[in-house]
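# for reference, the sequence and a predicted model appear below.
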Amino acid sequence: MGERRFDIIVIGAGPNGLELGAYLSRAGLKVLLLERRLEVGGGLATEEVTLPEYRHNTHAVYMMMVDYAPVYNDFELERNYRVRHIHPTLEFALPLTDGRCLGLYSDVDKTCASIAQFSRRDAEAYRTLARIAQRAVSRFIGPATYVPAVPALDQLVALQQTEIGRELAEFSEKSPKQLVDEYFENAHVKALMLYLTTHWGLGYNDAGMGYLFLLYLDRAANYRLVVGGSHNVAQSLHKIICENGGVVMNSRLIRRIILDNGRASGVELEDGTVFTANKAVVSTLDPNQTFLNLVGKENLDGTFGKKIEGWMWEKYSLMGLHLALKEAPRFTAAAANPEIDKAFIYLLGYETDAELIADYEATYGGELRKQAGFNCCFPTVHDPSQAPPGRHTGLLSRFAPHQLKDGGAERWYSVPFKEEVAEQYLTTLRKYAPNMNEDTILWKYLSTPVDVENKFLDMAAGSIKQGLYHPFQMGYFRPSEECSQHRTPVKSLYLAGSCCYPGGCIIWGPGYLAANAIAEDLGIDKWWSEPEMISKARNEGLL
């Protein structure tokens, strides 16, 4: 089988594992990545799940931190590895059945003009909020995403010393619904703003994490689409690892993390193969798999073990309907505003905030409403390379419970039920784009919460972020005080998955921070330097 001794062994070749492997292999370490699936990339998946040559981004499609994540500049991914992104002018469109449409643009003035059709007061409120959010993200939230977590009290004391910090702390105390109700009056505007700030897992009534409200509001105008498919980013990092002598092995199932006098010294595969790690083992899996399954509860301190057992998963999962299309959708609302047909993301079926909240409540209770509401995109409108010439792909993504009130998780395996759910999607889509009919939809593929769980074992219960966003599972508490710096109570074992600070959604934080922690602990000269945005935030006393 060849070499079985490495400096660093990384469990999981998803985004964070690949990022970590790229940094450390270029630093001269012998790195091995072990991946259960046939393909690397994890959520950066682009697959032909409908018809040949139709490329579907089956998990991650909206890249939100391209302009902040250090990995892009450190490896010069665009120049050296041809990783390109498209930043559409019209990011979100909320069409209404009466033919009107509300738009969120990358340009604040254009967004305000769109909102003003519904409420001039709301247009000015958005301008104010957008300015606050941009300032908060550029000066603190963005830089803080790529520095180690700080104890909550210490962070609060530091923030109180600056004007922007005090403003951020004030927002953090409120829930998204409180903030939307405070700033906006029109029900359509409220629907869009509430969705933008909650659809990545922040509960609409959850207080204590208002900084995410500002992050998500700012990022909604900055989403990017990866040219050729999300998987291209994963492939570039895979190439970097190989160029620097790293090894990636696919289809490898891990039985346990080997401990030698309490130190993580390697891994054993299910087939009995053993790989030795001279310096460190890194897990990008969730806390339960890492500690309870691979390390073993018997090898953990009792108090720490109980914390891991109490890890909370998300309140809901995401379900995607992928379409192979003969033509792009033509939205009725485009008659009054032709730009609508070129939007990046559409929000359909939620025309008021009350409708959105009703959907949340149903989902939290294990129910799937027949009146489907969802976000959707048609990547080939912006990037024709993802389908055959003249043809298109579509992704319709909605909230869905893993455990259904009627039938539990097992019901997701029912073909008639899945067909019924797919038709619910299409009924809503046709209300806004009537040309999406049997003639134009060539094939469809439904990915359910159970499919997510089966494909990615670290996404238990269809979790998309390896764990609930909750005040006690965020910041210095993600996944626990002992592990928030990516080091763990097990010597030479590190964490680098979405269960770690700063969290999931492919923001490139956990892998980057884990690479920094390992380099510092091993005394390795880092070939990369601290980003200017972080140095600036430090100088302002924000970090």
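Arrived safely.
# spit out the contact partners of the closest residue to Val274 other than its chain neighbours.
Distance criterion Cβ to Cβ, 6 or more residues apart in numbering; nearest residue to Val274, sequence neighbours excluded, is Glu268 at 5.1 Å. To be clear about C-beta, it is placed using only N, CA and C from the backbone, and glycine gets the same treatment. Counting by Cβ atoms under 8 Å, 6 or more residues apart in numbering, Glu268 makes contact with Ile254, Arg255, Arg256, Ile258, Val274.
# so the last one sits right up against Arg4, yeah?
Put plainly, it is Val274. Yes. Using Cβ atoms under 8 Å, Val274 is in contact with Arg4, at 6.7 Å.
# which of the two has more neighbours?
Using other Cβ atoms under 10 Å as the criterion, Val274 and Arg4 rank with Val274 on top: 14 against 11.
# just the pLDDT for the more buried one.
Val274 is assigned a predicted lDDT (pLDDT) of 97.
# against Lys491, how distant is it?
Look at Val274 and Lys491: by Cβ to Cβ, to the nearest Å, they are 19 Å apart.
# show me what contacts the closest residue to Phe456 other than its chain neighbours?
Among residues not flanking Phe456 along the chain, Gly42 sits closest, at 6.5 Å (Cβ to Cβ, 6+ apart). Taking Cβ under 8 Å, 6+ apart, we find Gly42 in contact with Gly12, Ala13, Gly14, Pro15, Gly17, His59, Ala234, Phe456.
# quick check: closest non-adjacent residue to the third one.
Of all residues not flanking Gly14 in the chain, Gly42 sits nearest, at 2.5 Å (Cβ to Cβ, 6+ apart).
# picking that back up, buried among the contacts of Glu268? Need that as a selection in PyMOL.
The PyMOL selection below is limited to those of the contacts of Glu268 classed as buried (16 or more other Cβ atoms under 10 Å):
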select buried, resi 254+256+258
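# make CSV from the contacts of Glu268 and add distance to Glu167 and secondary structure to it.
Formatted as CSV, the contacts of Glu268 follow (distance: Cβ to Cβ, whole Å; DSSP: H, G, I helix; E, B strand; the rest coil):
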residue, distance to Glu167, secondary structure
Ile254, 45, strand
Arg255, 50, strand
Arg256, 48, strand
Ile258, 49, strand
Val274, 53, strand
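# now, among the contacts of Glu268, which is nearest to Arg84?
Closest approach between the contacts of Glu268 and Arg84, by Cβ to Cβ: Ile254, at 34.5 Å.
# was I right to think the closest one contacts Leu294?
Yes. In this structure, Ile254 is within contact of Leu294 by Cβ under 8 Å, at 6.4 Å.
# how many other residues sit next to Pro52?
Neighbour tally, Pro52, other Cβ under 10 Å: 7.
# I meant to write Ala358 there.
15.
# ditto for Glu78
Glu78 has 14 neighbours, counted by other Cβ under 10 Å.
# so it makes contact with Val71?
No. Counting by Cβ under 8 Å, Glu78 does not reach Val71; the two are 11.5 Å apart.
# next secondary structure after the worst-scoring helix or strand of the chain on mean pLDDT?
Least confident helix or strand of the chain, by mean pLDDT, DSSP states H and E, is helix 152-159 with a mean of 82. Next in sequence after helix 152-159, counting helices and strands by DSSP states H and E, comes helix 163-172.
# and that next one with helix 152-159, angle?
Orientation check (axes from the mean of the first three to the mean of the last three Cα atoms, to 10 degrees): helix 163-172 against helix 152-159 gives 130 degrees.
# hmm, who's touching helix 163-172?
132, 135-136, 139-141, 156, 158-160, 179, 208-211, 213-214, 542.
# redo that, cut-off 6 Å
Ala136, Arg139, Leu159, Gln160, Gly210, Tyr211, Leu214 (Cβ atoms under 6 Å, 6 or more residues apart in numbering).
# give me the mean pLDDT for the following helix or strand past that helix.
Downstream of helix 163-172, the next assigned helix or strand under DSSP H and E is helix 176-183. For helix 176-183, mean pLDDT rounds to 97.
# mind giving me the packing neighbours of helix 176-183?
Counting contacts by 3 or more Cβ pairs under 6 Å, 6 or more residues apart in numbering; DSSP states H and E, helix 176-183 packs against helix 187-196.
# so the helix it packs on versus helix 176-183, what angle?
Using the same axes, to 10 degrees: helix 187-196 against helix 176-183 is 140 degrees.
# quick check: what element follows helix 187-196 along the chain?
Going down the chain from helix 187-196, the next helix or strand is helix 210-219, by DSSP H and E.
# what is that following helix packed up against?
Partner elements for helix 210-219 (3+ Cβ pairs under 6 Å, 6+ apart): helix 120-136, helix 163-172.
# can you tell me which of those is packed in deepest?
helix 120-136 (a mean of 18; mean count of other Cβ atoms under 10 Å).
# list the contacts of that one.
In contact with helix 120-136 (Cβ under 6 Å, 6+ apart) are residues Val108, Cys112, Ile115, Ala116, Leu168, Tyr183, Phe184, Asn186, Val189, Leu214, Leu217, Asp218.
# again with stretch 498-505
Identification of contacts with stretch 498-505 by Cβ under 6 Å, 6+ apart yields 145, 149, 200, 286-287, 465-467, 478-479, 484, 486, 509-510.
# for it, measure first residue to last.
8 Å (Cα to Cα, to the nearest Å).
# next: stretch 103-118.
Stretch 103-118 has an end-to-end distance of 11 Å (criterion: Cα to Cα).
# for the remainder of this discussion, apply numbering that starts at 23.
Sure, I'll start counting at 23 from here, so that last one is stretch 125-140.
# buried residues in that stretch?
Gly125, Leu126, Tyr127, Ser128, Thr133, Cys134, Ser136, Ile137, Gln139, Phe140.
# same thing with stretch 398-411?
Applying 16+ other Cβ under 10 Å to stretch 398-411 flags Cys398, Cys399, Phe400, Pro401, Thr402, Val403, His404, Asp405, Gln408, Ala409 as buried.
# need the distance between the two termini of it.
21 Å.
# what about that stretch, distance to the chain center?
Its chain's C-alpha centre and that of stretch 398-411 lie 21 Å apart, by Cα atoms, centre = their mean, to the nearest Å.
# any idea of the mean pLDDT in that stretch?
The model assigns stretch 398-411 a mean pLDDT of 98.
# list the contacts of it.
The contact list for stretch 398-411 (Cβ under 6 Å, 6+ apart) reads 75-77, 108, 110, 247, 249-251, 350, 367-368, 414-418.
# restricted to strands, list these.
Ile108, Leu247, Ile367, Tyr368, His414, Thr415, Gly416, Leu417, Leu418 (DSSP state E).
# by neighbours, which of those residues wins?
Result: Gly416 is most packed of the ones in strands among the contacts of stretch 398-411 (other Cβ under 10 Å), 28 neighbours.
# and that one, bridged to which residues?
Under DSSP bridges, the beta-bridge partners of Gly416 are Leu345.
# pretty sure it is touching Leu345, no?
Yes. Between Gly416 and Leu345 a contact is recorded at 3.8 Å, counting by Cβ atoms under 6 Å.
# centre of the chain to stretch 277-286, how far?
31 Å.
# just stretch 279-292 next, same as before
That offset, for stretch 279-292, works out to 30 Å (Cα atoms, centre = their mean).
# swap in stretch 36-55?
Per Cα atoms, centre = their mean, the centroid offset for stretch 36-55 relative to its chain is 20 Å.
# need the distance between the two termini of it.
For stretch 36-55, the end-to-end distance is 10 Å (Cα to Cα).
# which parts of it are buried?
Buried, per 16+ other Cβ under 10 Å, within stretch 36-55: 36-49, 51-55.
# what's downstream of the helix or strand hosting Leu448, the next helix or strand?
For Leu448, the element it lies in under DSSP H and E is helix 437-454. Counting by DSSP H and E, the next helix or strand C-terminal to helix 437-454 is strand 463-469.
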